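*Asks:* just a sequence and a predicted model for now, questions to come.
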Amino acid sequence: MLEIVIIGIIVLIITSNQNRKIDKLEYKLNDLIKKIEVKSTVQPSTVSNVVSGISVAENNLATPPVVNTYVQPVETTKDQYHEESSGRILGKIGIGALVLGVASFLKYAFDNNWIGPAGRILVGVLIGFILISLGQYFRKKYITFSEVMFGGGIAILYLSFFAAHNFYNLIDPLNTGILMFLTTVLTFIFSFVNKDNKLAILAVIGGFVTPYLIGNTNNNMMEIFTYLTILNIGVLGVTIFKKWPELIAIAILGTAVNFFTWFNVFYDKTLLASTLFFLIITFSIFLIASIYRIVISKVKSGEVDYFVLLVNAFGFFAIFYNIMKPDYESILGFCTLLIGILYVIIAYVANKQNHEDLALNIFLPGLAVAFISIAVPIQFSGAYIAIAWFIEACVLYLIALSISNRGFQVMGVAVYVLGLLNFFYYNAFNTDGVNFVPFANKAFTILMFAIVAAYAITYIYYKYGSTSVDIQKRGIVAFLIVANILTLYALTTQVIYNYDAKEMAITNNYTELRNNLLKNSDGEYNSSNTNEFQNYSMQLSAEQTTNKNESNTTVSILWAIYAAILTVVGFGKRSSALRIFGLTLFILTAVKVLIDIWSLGQVYRIISLIGFGVIALAGSFVYSKYKDRLKIV
C-alpha cells in the first residue's frame, strides 16, 4: 500500500500548489479590475479651447456640465460591526438564560408535582413554538434577535421530544424519531422561506443528531439507512435551490458519524449487499450535489466544494475497499478503475461547462488520476506496476490534448514520476546476480517503457502543443532530457551489471578451487597445497582487476559515443538542448577518465585516453564545421 500513500501525497501537493497559484492570479486580476473601475469613475476635466473664432466662454457654455454619477458603496464600519456582534452575543446570552430559567421553573414545578409528565412535555413544546413564532414575527426588523429566538425554539422542541422518550417513556423510538424529523423539516421550511442558511445548518445538525437522541441500541439497519438517505435527499434539494454548500459538508460528516457508529457495532459479512447499496446511494447523492453546484450552476468552486468532493470520494473508497477486500479482492482493482473513469468523465464535463474555474479543472483531474493510479498496485504487482503507470502517463497526456485541460498534463507528470519512483525502489538493483543477462532482464525492460513513454510525451508536446508555447517548449526539453538520461542510465547499468556478474562467477570459481585445495578427501585441512593456493589467489586478484578495468573503460567509451551521437542529432535537428546535453556528457566523461586512469592498467589507460580523445576531437570538428547552422530551438 506504499504506492497508495505516495499517490495521495503527490496529488494533494500538486493540487494544493496549483490552487494557491490560481488563487494568487485571481486575486491580482480582481485587484486590477477594481483599479480599472475606480479609474473609470474619474471624469476628464473640461479643456477650454479657442476654435475658429469661438470664444472660450462660448465653448464652455456649449458643453453641458459632466455629472459624476458614481456613488461610493456604503461599507460597514468597525463600530457597526462591533455593535452587531455585541447584539448577537447578548441575544445568545439572553436566550440561554431564558432557556435555563424556564428549565429551572419547570423543574421546580415538576419537583412539587404541579405538572404531570405529559403536561411537562406539552409545556416544553408550547414554549418552543412560541419562541419560533416570535422569531418569525421579529424577522423583518431584527434579524439577529430573530435567529436567536428560532434557535432556542428548535432546541427546546428537540429536548422536549427527547425527554418524552428517554425520561418519561411517553412515546416509543419510532414516534420520537418522526417528531424530531418533523422538527427538522419545519426548520428547513423556515430557512427556505426566510432565505436563512443558519436555520438550515441548525436543521441539518438536528437531523443527524436525532438517531443519538432516540438512543435505540438495536440493530435497526434499514431504519437508520432509510432515515439518513431521506435526510440527505432533503439536504440535496435545499442545496440545489439555495446553493448552500455548507449544508452538504455538514451532511457528509453527519452521515459518516452515524454510519460508523452502526458499522463498528453491528456490521458483518451477511450485510454486505445492503451496506454496499446504501454506500452507493449516499455517494451518488453527494456527488450529484457537487456536480450540480460547480458544473451545472457554474458556481466558482471553493474550499467547501473541494472538501465535499475529497471526503465523498476517498471516504466511499475506503469503506468500499474495507468491506470488499476479504472476499472480492480480485475485482477491487477493476472497481477502483471504474471510479477513476467516472471522475475522468466528471472532469471532462466540468472542463466544458465551467472552463473558467481553473482550480477546479486541476482538482478534478487530480481525483481521477489518483483512483486510476491506485487501481494499478491493487490489481497488479511487481514490474507491471511501473509499466502500467508509464502507459497511464501517456494516456493522461492524450486526454489533456483532447479536452485542452492543463490538469491532466500536470497529473501525467505526477504519474510518470510515480512510475520512476516505483522502479528505483523495487527493481533498479535487482540484477539477478551471476545469472544476469544483458538487455534481457526485468530492470532493462521497465526502463525501455519509461524511455518510450518519455519520447511519446515529447512527441505529443511537439505535435499538438500545450496551453501555451512556453509550456510546450519546456515540456519538450524536460522529457527529452529525461529520455536521454534514462537511456544512458539503462546502457551504463547493463555494462556494469554484466561485469559484476562476471566478477561473481570468478569469485565463485575461486572459492570452489580453494575448498578443493585446502581440504583432502576426508574434509581435513591439507597444508601441502599452500603454495598452489597462493598462486590461485594472485590469479583471482589479477582477474578481478582486469574485469574492473574493462568495466570502467567500456563505460567511458560508451559515454563518449553517446555524447557524440547527441551532438550529431542536436545539429541535425537543430536542438540546443541535445547539443548542450551532449557537451555536458563529454565533460563528465573527461572527468571520469581522469579519475579512472589512476586505477586502470597501462593498456586500459591507453585505450580510454585515445578512445575518448578521438571521439571528443570528432565532436569538436562537427562544432567547427557546422557552427553556422546552429539555431536555438
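*Replies:* Looks like it came in fine. Numbers count the residues shown, from 1 in each chain.
*Asks:* so in the protein, which helix runs the longest?
*Replies:* helix 469-518 (DSSP state H).
*Asks:* now for that helix, which elements pack on it?
*Replies:* Contact here means 3 or more CB pairs under 8 Å, 6 or more residues apart in numbering; DSSP states H and E; on that basis helix 469-518 packs against helix 442-464, helix 530-573, helix 576-596. For the C-beta atoms, the positions are set from N, CA and C on the backbone; glycine is no exception.
*Asks:* in TSV: those, plus mean pLDDT and distance to residue 233.
*Replies:* As requested, the helices and strands packed on helix 469-518 are exported to TSV (pLDDT from 0 to 100; distance: least, CB to CB, whole Å):
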stretch	mean pLDDT	distance to residue 233
helix 442-464	91	44
helix 530-573	75	61
helix 576-596	65	57
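*Asks:* tabulate those (TSV), appending distance to residue 506.
*Replies:* What follows is those, written out as TSV (distance: least, CB to CB, whole Å):
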stretch	distance to residue 506
helix 442-464	23
helix 530-573	5
helix 576-596	21
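*Asks:* export the ones you listed as CSV, with columns for mean neighbour count and distance to residue 129.
*Replies:* As requested, the helices and strands packed on helix 469-518 are exported to CSV (neighbours: other CB atoms under 10 Å; distance: least, CB to CB, whole Å):
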stretch, mean neighbour count, distance to residue 129
helix 442-464, 19, 66
helix 530-573, 17, 82
helix 576-596, 18, 77
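*Asks:* the longest helix of the chain to helix 530-573, inter-axis angle?
*Replies:* 170 degrees (axes from the mean of the first three to the mean of the last three CA atoms, to 10 degrees).
*Asks:* quick one: helix 469-518 to helix 442-464, angle?
*Replies:* Using the same axes, to 10 degrees, helix 469-518 lies at 170 degrees relative to helix 442-464.
*Asks:* hmm, residue 297 is touching residue 245, no?
*Replies:* No. Applying CB atoms under 8 Å, one finds residue 297 not in contact with residue 245, separated by 10.7 Å.
*Asks:* more crowded one of these two?
*Replies:* Remark: of residue 297 and residue 245, residue 245 carries more neighbours, 22 against 12, as counted by other CB atoms under 10 Å.
*Asks:* so what's that one closest to, chain neighbours aside?
*Replies:* Excluding the flanking residues, the one nearest residue 245 by CB to CB, 6 or more residues apart in numbering is residue 304, at 4.3 Å.
*Asks:* what sits against the one you found?
*Replies:* 245-246, 248-249 (CB atoms under 8 Å, 6 or more residues apart in numbering).
*Asks:* one more time with 6 Å
*Replies:* Neighbouring residues of residue 304 by CB atoms under 6 Å, 6 or more residues apart in numbering: 245-246, 249.
*Asks:* can you name the next helix or strand after the helix or strand containing it?
*Replies:* Here residue 304 sits within helix 303-328, counting by DSSP states H and E. Of the helices and strands lying after helix 303-328 in sequence (DSSP H and E), the nearest is helix 332-353.
*Asks:* and the helix or strand just after that next one with helix 332-353, angle?
*Replies:* Next in sequence after helix 332-353, counting helices and strands by DSSP H and E, comes helix 360-379. Angle between the axes of helix 360-379 and helix 332-353 is 170 degrees (criterion: the same axes, to 10 degrees).
*Asks:* mean confidence for helix 360-379?
*Replies:* Mean per-residue pLDDT for helix 360-379: 89.
*Asks:* tell me the angle of it relative to helix 303-328?
*Replies:* Using the same axes, to 10 degrees: helix 360-379 against helix 303-328 is 10 degrees.
*Asks:* and the helix or strand following helix 360-379, what does it pack onto?
*Replies:* As assigned by DSSP H and E, the chain's next helix or strand after helix 360-379 is helix 383-403. Identification of packing neighbours for helix 383-403 by 3 or more CB pairs under 6 Å, 6 or more residues apart in numbering; DSSP states H and E yields helix 360-379, helix 406-426, helix 442-464.
*Asks:* and of the ones you listed, who's closest to residue 555?
*Replies:* helix 442-464 (15.9 Å; CB to CB).
*Asks:* check which helices and strands the closest one sits against.
*Replies:* Looks like helix 442-464 contacts helix 383-403, helix 469-518 (3+ CB pairs under 6 Å, 6+ apart).
*Asks:* can I see the domain layout of the chain?
*Replies:* 83-216, 221-379, 553-633 (automatic domain parsing).
*Asks:* quick one: those as TSV, columns for distance to residue 542 too.
*Replies:* Below are these laid out as TSV (distance: least, CB to CB, whole Å):
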stretch	distance to residue 542
domain 83-216	80
domain 221-379	47
domain 553-633	10
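*Asks:* would you single out the least confident of those domains?
*Replies:* Taking the mean pLDDT of the domains of the chain, domain 553-633 comes last: a mean of 64.
*Asks:* secondary structure class for residue 437?
*Replies:* Secondary structure for residue 437, judged by DSSP: H, G, I helix; E, B strand; the rest coil, is coil.
*Asks:* next one: phi and psi at it?
*Replies:* Backbone torsions of residue 437, given as degrees, to the nearest 10, read phi -120, psi 120.
*Asks:* which element is the residue nearest to residue 281 when sequence neighbours are not counted on?
*Replies:* Distances taken as CB to CB, 6+ apart place residue 229 nearest to residue 281, at 5.8 Å, with adjacent residues excluded. Secondary structure from DSSP H and E places residue 229 in helix 221-242.
*Asks:* can you name the next helix or strand after that helix?
*Replies:* helix 245-266.
*Asks:* buried ones in that next one?
*Replies:* The neighbour-count check on helix 245-266 (16 or more other CB atoms under 10 Å) flags 245-256, 258-259, 262-263 as buried.
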